[in-house]
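Enquirer: Below: sequence and its predicted model.
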Amino acid sequence: MAKNNEYIELPWTMNSSSGDDEAPKDPRTGGEDFTQQFTENDFEATPPAQRVQFILGEDVDDGSHVSHPLFSEMGMLVKEGDEIEWKETARWIKFEEDVEEGGNRWSKPHVATLSLHSLFELRRLLVNGSVMLDMEAHNLEVMADLVCDQMVSAGTLPPGVKDKVKDALLRRHRHQHEYAKKTRLPIIRSLADMRNQSSSKKKKSKSSKNLRPAQNLPVITEDMVKSPSNQSMARPSSGTELSEQQGHKGNTHFMRKIPPGAEASNILVGEVDFLERTLSCFIRLSQAAVMGDLTEVPVPTRFIFILLGPPGSQSNFHEIGRAMATLMSDEIFHEVAYRARKRDHLLSGVDEFLDAVTVLPPGEWDPTIRIEPPAAIPSQEVRKRPPELPKEDVDEEEEEQRLREESGLSRTGRLFGGLINDVKRKAPWYLSDYKDAFSMQCVASWIFLYFACLSPIITFGGLLAEATGKHMAAMESLVSGFVCGMGYGFFSGQPLTILGSTGPVLVFESIIYEFCFKMGWDYMTFRFWIGMWVAGICIVLTAIDASALVCYITRFTEENFATLIAFIFIYKAIENVVVIGKNFPVNQGIYDCVCTPPLGSNASVVDYAKYNWDSCASYNGTLVGGDCGTPPTENVFLMSVVLCAGTFIISTILKDFKNALFFPSIVRQYISDFSVLIAIFAMSFFDYFLGVPTQKLEVPNELKPTLDTRGWLIPPFTERNPWWSPIIAVFPALLGTILIFMDQQITAVIVNRKENKLKKGCGYHLDLFILSILIAICSVMGLPWFVAATVLSINHVNSLKLESECSAPGEKPQFLGVREQRVTHILIFLTIGVSVLLTPLLGHIPMPVLFGVFLYMGVASLKGLQFFDRILIMFMPAKYQPDYMFLRQVPIKRVHLFTVIQLACLIILWLIKSFSQTSILFPLMLVVMIGIRKALDLVFTRRELKILDDIMPEMTKRAAADDLHKLDAEVGLLARMFPFGKGRRGRVVNKPAGPGGDTGSAVGLGLIKCTTSNANEKEFEAQSSLLK
């Protein structure tokens, strides 16, 4: 990368009337309005960037100079048959689109690549050509008259060819969509097109090969058709009205891509043989006006650039026109064009653009290659505003305390203070939590999460029946999901969190049941008191703001936990398919069952032996053999593998389909949102079509407890349990509280990450309070306890992510946040509650399909985890490693060391979870993880830990680092170009070099200081020392 600077101009150069040696004061430090205290005459010698910042910093006197989004269109003067007309060749909103030569279509949007020669030629034309600002013209004819009169008065246009130049400017404008219409089949034309074309005179269309550049044009004659643009008209409200008034049909389809309130800039370039010298004119209208067919879309024109010259001119008019259009699409120059009051302001904008441009060597790239638009366009605010003044140092601890208070993670000092603050924070958003759910994206998320939640609930119910002697099973799990899900969805502080059953809770339940079985106690009654103690302890924790301890759960702990749960989902999905293979092996013995002909039939046994087990009855045959009671199962395992893998692959591919090249964007978005649902239905239909007897989802069909000996309400006392059993229940309740608290709060921290850009705030205290009430209800009804499920919650958030609507062609969608609402959570568990009524439908869904959903959720939840990214980096050569922020700022060996420690903790958690003897210690190990993270302060520096173990959004850190690298280049270049001597700290004074200099002037260089996070303090100290 090379900047077009041959020398460095120091900022804030201005005349000084004093003769002392003190450096001139920065005009921004006086505390008064900068633009009122100094005029632009003080900045004549300043760099272009400073002059542009001064222009943009001035107050706008009226609304006429307020900038609008710009649509730029370039037309060239060409000959088609016997007619000379302006043909659209390129257009810009943010990126360039060209008309393909011979292809009669638009190219893909791409980054405009310009030659320096065309930019310098354009600057020369702006210096020597005509510049007309705030022209009073409302149609092309008036504009052409004013332009020609001005050129004649300036002596650049001979009076004898004035009429010919005017006539050339008023030629018809032909746009690309008009050429495309000629190739359409009549069957796909709209009725409006047919009506308009039947009422107008049809013209013969020539092949695109008859079009030739304007340099071969003959002299324009008087009998050629003029453009309808010379009529004065008011701006219509739609493209239809424009068509009716003008006979010109705007490209209403492309109009949807134009930003609201946009105006147009038109670039007209051409070569004619009646001119001997080049004519150019830059025009800004005082008021934007729609000028007929000048623009392909019915938006008002504000800027016009005209470039006409003789044939065989040395200048490449097409490239100069592209340079002008690219400048107008530049965010900074187009604001300068709106605010400019004279020619010099436009030149300052061009010079600033040249200072910011990047040069690519001609021998190292192919200029014909079109550069794809970037995924994220860097902000141009740095070019608009002067460097900010140094701010007072912010106390890091005070800043962290402020952020904790905003998230509700600070002690309030009063009972239930955090809960009250959560209610106050969430209450204003409660109504919008329902309004924001009106979207098809929520429908897709609801159906996807319904199946994602239903299958583990049924599976968990089966495991729970084995662990508790069928005191709780699938029916109790469904009812618990309904009760907990509805209560949490209506009243929680963060409804994006999905409740579910977890493995540690299952282990806890099995230990309690085994204890009661050995002691001869009633399990459900003892569990009732444990649940009451857990609910009471959680309410006490809410009262004392114990959720403030969540601030100690950093990325180190939360990503270890999230990665562990994701690996469990992946492992369990594969394990369940392997279990099917053990139950239904591929290599089985001979299947003893043959189809025989019915009695009295003339058919032989051989004729009926070809019929399968399921088709024999349809031919009135009889099955004979010892295995005829069950269908053949040798294909069950292979079919299960196909169903599981197919569901995972289809879900993964269709989820990314929104970035594909096929179909309109709205179709791609719907396919992406419903990807999992499409995969479930597709593979279920595939299984039904083949008829292989795979395992199906089994849902209870009656709403009653699994055991007939128990009811829906658990008695608190029973003769089997001693009177002191409710008292000792507090001890297992303490362990259960730790388990539930850690499960709930770690998942809540993951959901509330800054990367998700949530706008409605957190509710840690409110969530814990609601959860304690739900645990009490479940204990009374004898239902399983549901807590926040990490993988389900992550997938719920991912399914509701919002991206910007791409308006400009080539613009990539940007992540905006998450659709925060309660409706999906409520609908998910409402549907789970009525699943008993849907048993006939749900019974057709194969279990391997749901295992594929498990596999997809586990893999999808790993995306975005820095820990998992760092694990993959360990196996990559350095040259293939992605450009992650932590790799820019931390040595790779330190990154690997941190990853190895975190990976060791993950392995320990996995081992503790895997053995029943130690699994009860799993919640305690999560607390130990926090202590291990604290001990890392002794191994890593504070800066390294803030980079590797924070929750700052990736793009924010990348922008800060880009500013840092830019500062590196600027400071280093200043240090090399100017051997600064010792002086006052933070300021350098340069006196005139010779007696001929201005003795009353001096050049002041303000010390550059950028505000960044404390993680970059050492870098800035090193850079600042270069200026000392």
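Expert: Thanks, I have the structure now.

Enquirer: Just the CA atoms of stretch 782-801, as CSV, please.
Expert: This file holds the C-alpha atoms of stretch 782-801, laid out as CSV (Å, rounded to 0.1, in the frame of the first residue of the first chain):
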residue,chain,number,x,y,z
GLY,A,782,-43.6,-34.0,41.5
LEU,A,783,-42.2,-32.7,38.2
PRO,A,784,-38.5,-32.6,37.0
TRP,A,785,-36.7,-29.3,37.6
PHE,A,786,-35.9,-27.4,34.4
VAL,A,787,-33.0,-24.9,34.3
ALA,A,788,-31.4,-22.9,31.5
ALA,A,789,-30.1,-25.2,28.7
THR,A,790,-26.9,-23.8,27.1
VAL,A,791,-27.0,-25.3,23.6
LEU,A,792,-30.8,-24.7,23.2
SER,A,793,-30.4,-21.1,24.3
ILE,A,794,-27.5,-20.5,21.9
ASN,A,795,-29.4,-21.9,19.0
HIS,A,796,-32.5,-19.9,20.0
VAL,A,797,-30.4,-16.7,19.9
ASN,A,798,-28.8,-17.7,16.6
SER,A,799,-32.2,-18.4,15.0
LEU,A,800,-33.4,-14.9,15.8
LYS,A,801,-30.3,-12.9,14.7
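
Enquirer: With adjacent residues omitted, what lies nearest to residue 350?
Expert: Nearest residue to residue 350, sequence neighbours excluded (CB to CB, 6 or more residues apart in numbering): residue 123, at 5.0 Å. C-betas here are computed from N, CA, C, even on glycine.

Enquirer: How much space separates the one you found from residue 347?
Expert: Between residue 123 and residue 347 the distance is 7 Å, computed by CB to CB, to the nearest Å.

Enquirer: that older thread, contacting residues around the residue nearest to residue 350?
Expert: Residues in contact with residue 123 (CB atoms under 8 Å, 6 or more residues apart in numbering) are 347, 350-351, 354.

Enquirer: which of these are buried?
Expert: 347, 350-351, 354 (16 or more other CB atoms under 10 Å).

Enquirer: Would you check which pair of these lies furthest apart?
Expert: Comparing every pair within those by CB to CB identifies 347 and 354 as the most remote, at 10.4 Å.

Enquirer: residue ranges for the strands of the stretch 351-500 of the chain, please.
Expert: Taking DSSP state E, counting those that start in this stretch to define them, one finds strands in the stretch 351-500 of the chain at 499-500.

Enquirer: just the stretch 801-950 of the chain next, same as before
Expert: Using DSSP E, counting those that start in this stretch, strands in the stretch 801-950 of the chain cover 801-803, 815-818.

Enquirer: nearest to residue 468, of those?
Expert: So among these, strand 815-818 is nearest, using CB to CB, at 37.0 Å.

Enquirer: Sheet partners, orientation included, of the helix or strand hosting residue 287?
Expert: According to DSSP states H and E, residue 287 maps onto strand 279-289. Applying DSSP bridges, strand 279-289 is found paired with strand 130-135 (parallel), strand 301-309 (antiparallel).

Enquirer: Check for me that residue 669 belongs to a strand.
Expert: No. With DSSP: H, G, I helix; E, B strand; the rest coil as the criterion, residue 669 is assigned helix and is not in a strand.

Enquirer: just checking, it touches residue 658?
Expert: Yes. With contacts counted by CB atoms under 8 Å, residue 669 reaches residue 658, the gap being 5.4 Å.

Enquirer: State the distance from residue 746 to residue 262.
Expert: On the measure of CB to CB, residue 746 and residue 262 end up 47 Å apart.

Enquirer: Oops, could you answer that again for residue 350 instead?
Expert: For residue 350, the distance to residue 262 - CB to CB - is 23 Å.

Enquirer: what does residue 253 give?
Expert: Residue 253 sits 16 Å away from residue 262, going by CB to CB.

Enquirer: so the residue nearest to residue 448 when sequence neighbours are not counted is in which element?
Expert: Closest residue in space to residue 448, ignoring its immediate chain neighbours: residue 676 at 4.4 Å, by CB to CB, 6+ apart. Element membership of residue 676 [criterion: DSSP H and E] is helix 675-690.

Enquirer: List the buried residues of that helix.
Expert: In helix 675-690, counting by 16+ other CB under 10 Å, buried: 675-680, 682-684, 686-687.

Enquirer: helix or strand right after it?
Expert: Later in the chain than helix 675-690, the nearest helix or strand by DSSP H and E is helix 725-728.

Enquirer: ok so residue 97 is a strand residue?
Expert: Yes. With three-state DSSP as the criterion, residue 97 is part of a strand.
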